[in-house]
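Student: Fold the following for me, if possible:
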Amino acid sequence: MGACELHKQYDGKLSYTRQLAGGTDPDCFLTYINDNYKKEGWNMAICLTDGYFASPTVICKIPVLFVITKSGTYKNLNNYKYVKIN
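Tutor: Residues are numbered from 1 along each chain as shown. The predicted structure follows:
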């Protein structure tokens, strides 16, 4: 797994211009959750996504719910729970 990088740090202003498209890596999200859930006191995680990414290889230590957009896909979510917006 490659290093996860933050593309733009939020500075409190809504002046963000989209720089990239695609390249979602669910393992980055899941690894971040695993590394921080105890410190932050999280007991579950929710990921809003279109679902167009490779199958996750990281097993999350807390429950995760993927919320899939109307035009999205859930085919690569394996054993993770999801809901799809209609």
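Student: Which other helices and strands does whichever strand or helix holds residue 35 contact?
Tutor: In this assignment (DSSP states H and E), residue 35 forms part of helix 26-40. If contacts are counted by 3 or more C-beta pairs under 8 Å, 6 or more residues apart in numbering; DSSP states H and E, helix 26-40 sits against strand 45-49. All C-beta atoms are positioned from the backbone trio N, CA, C, and that covers glycine.
Student: 10 Å - rerun?
Tutor: Applying 3 or more C-beta pairs under 10 Å, 6 or more residues apart in numbering; DSSP states H and E, one finds that helix 26-40 contacts strand 45-49, strand 64-68.
Student: Beyond the last one, next helix or strand please.
Tutor: Yep, that's strand 64-68 we're talking about. Proceeding N to C from strand 64-68, the next assigned helix or strand is strand 81-84, under DSSP H and E.
Student: Please state the offset of that next one from the chain centre?
Tutor: Here strand 81-84 is found 13 Å from its chain centre; the criterion is C-alpha atoms, centre = their mean, to the nearest Å.
Student: Mind listing what's buried along that strand?
Tutor: Buried residues in strand 81-84, counting neighbours by 16 or more other C-beta atoms under 10 Å, are found at residue 82.
Student: Quick one: list the elements packing against it.
Tutor: For strand 81-84, the packing partners by 3+ C-beta pairs under 10 Å, 6+ apart come out as strand 45-49, strand 64-68.
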